[in-house]
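In: coordinates only, no sequence provided:
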């Protein structure tokens with residue numbers, strides 16, 4: 001499938017799509033293990049749909065970046081960005097260029113990319129491969145930020161303050177966006193978050209008796225720490241994969257140059 005994108009984008013594309021693919025398919029695989037009758041059919045349908053459509057979707061991120069990345073006027077950029085998003089019907093198929101959820105709007109997608117491209121130009125970065133790669137990573141970050149906001153809005157502070165370790169453990173274990181995290185990493189973040197909440201919220205009994213705990217926002221403490229740690233985990237994983245791929249590309253070029261010298 002990779003003949004449709006430039007070499008320098010492969011790592012970011014694979015990393016971005018792999019995250020969303022696992023987020024979608026792993027819960028279905030768990031249901032299959034639990035002998036859910038309809039899960040195998042649903043799983044196969046998703047896999048077949050992915051394999052049938054992804055080669056068509058894959059180049060669209062690069063097309064999107066090429067169309068808007070050189071526009072420096074903010075109003076002109078926003079118009080071009082909206083037009084492209086509105087006029088490309090398969091843009092969101094299999095999460096490219098952005099997985100659509102209610103809290104991620106077109107305005108946020110366009111604002112994010114305008115600031116991203118402006119920052120890259122300021123740093124004298126002009127490679128289209130870099131623009132596309134950073135776009136993938138920024139989109140994933142935007143998605144996780146939206147997830148974090150929704151989770152905070154749905155959190156019940158008293159539940160977290162009274163049983164922080166249990167709450168965080170259940171949160172990171174069941175959350176569809178955190179499934180790729182290892183069991184040990186989840187246990188570690190649950191313990192770390194619980195320790196901080198217990199330190200910052202030392203009197204849960206008083207909170208329970210009064211029915212509120214306004215002086216201590218356990219939800220913000222716990223959820224922010226979880227997402228910050230998870231994002232560092234993803235960034236480290238991506239950096240390692242990108243380094244390995246870059247070294248491989250360099251070695252191939254070096255071998256090619258050596259071959260030319262012997263001709």
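Out: Arrived safely, thanks for sending. The structure presented is a predicted model; accordingly, all values stated were derived computationally and were not measured. Numbers count the residues shown, from 1 in each chain.
In: now stretch 58-68: buried residues?
Out: 58-62, 64-65, 68 (16 or more other Cβ atoms under 10 Å). All C-beta spots, glycine's among them, are computed from the backbone N, C-alpha and C.
In: give me the subset of the residues you listed lying in strands.
Out: Using DSSP state E, no member of these sits in strands.
In: which neighbouring elements make contact with the helix or strand hosting residue 135?
Out: Using DSSP states H and E, the element containing residue 135 is helix 128-154. Here helix 128-154 touches helix 10-33, helix 60-68, helix 106-122, helix 218-261, going by 3 or more Cβ pairs under 8 Å, 6 or more residues apart in numbering; DSSP states H and E.
In: tell me what angle the first one forms with helix 60-68.
Out: In this structure, helix 10-33 runs at an angle of 140 degrees to helix 60-68, with axes from the mean of the first three to the mean of the last three Cα atoms, to 10 degrees as the basis.
In: so, low pLDDT: which residues of this protein?
Out: Counting by pLDDT under 70, the chain shows low-confidence ranges at 1-5, 36, 89-103, 205-215, 245-246, 249-250, 252-254, 258, 263.
In: deepest-packed of the helices and strands packed on helix 128-154, please.
Out: Comparing the helices and strands packed on helix 128-154 by mean neighbour count (mean count of other Cβ atoms under 10 Å), helix 60-68 ranks first with a mean of 19.
In: heading C-terminal from that one, find the next helix or strand.
Out: Downstream of helix 60-68, the first helix or strand assigned by DSSP H and E is helix 74-86.
In: list the buried residues for that next one?
Out: For helix 74-86, a neighbour-count test (16+ other Cβ under 10 Å) marks 77-78, 80-81, 84-85 as buried.
In: re the thing from before, need the helices and strands packed on helix 128-154 in JSON lines with distance to residue 190, can you?
Out: Shown next, in JSON lines, are the helices and strands packed on helix 128-154 (distance: least, Cβ to Cβ, whole Å):
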{"stretch": "helix 10-33", "distance to residue 190": "20"}
{"stretch": "helix 60-68", "distance to residue 190": "35"}
{"stretch": "helix 106-122", "distance to residue 190": "30"}
{"stretch": "helix 218-261", "distance to residue 190": "9"}
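In: which among these is found nearest to residue 199?
Out: helix 218-261 (9.6 Å; Cβ to Cβ).
In: run through the neighbouring helices and strands of the closest one.
Out: Going by 3+ Cβ pairs under 8 Å, 6+ apart, helix 218-261 lies up against helix 10-33, helix 128-154, helix 157-162, helix 164-174, helix 183-200.
In: what about the third one, distance to the chain center?
Out: So the one you mean is helix 157-162. Here helix 157-162 is found 27 Å from its chain centre; the criterion is Cα atoms, centre = their mean, to the nearest Å.
In: list the buried ones in that helix?
Out: 157-158, 160-162.
In: and these, which is closest to residue 28?
Out: The closest of the buried residues of helix 157-162, once distances to residue 28 are taken by Cβ to Cβ, is residue 160, at 29.1 Å.
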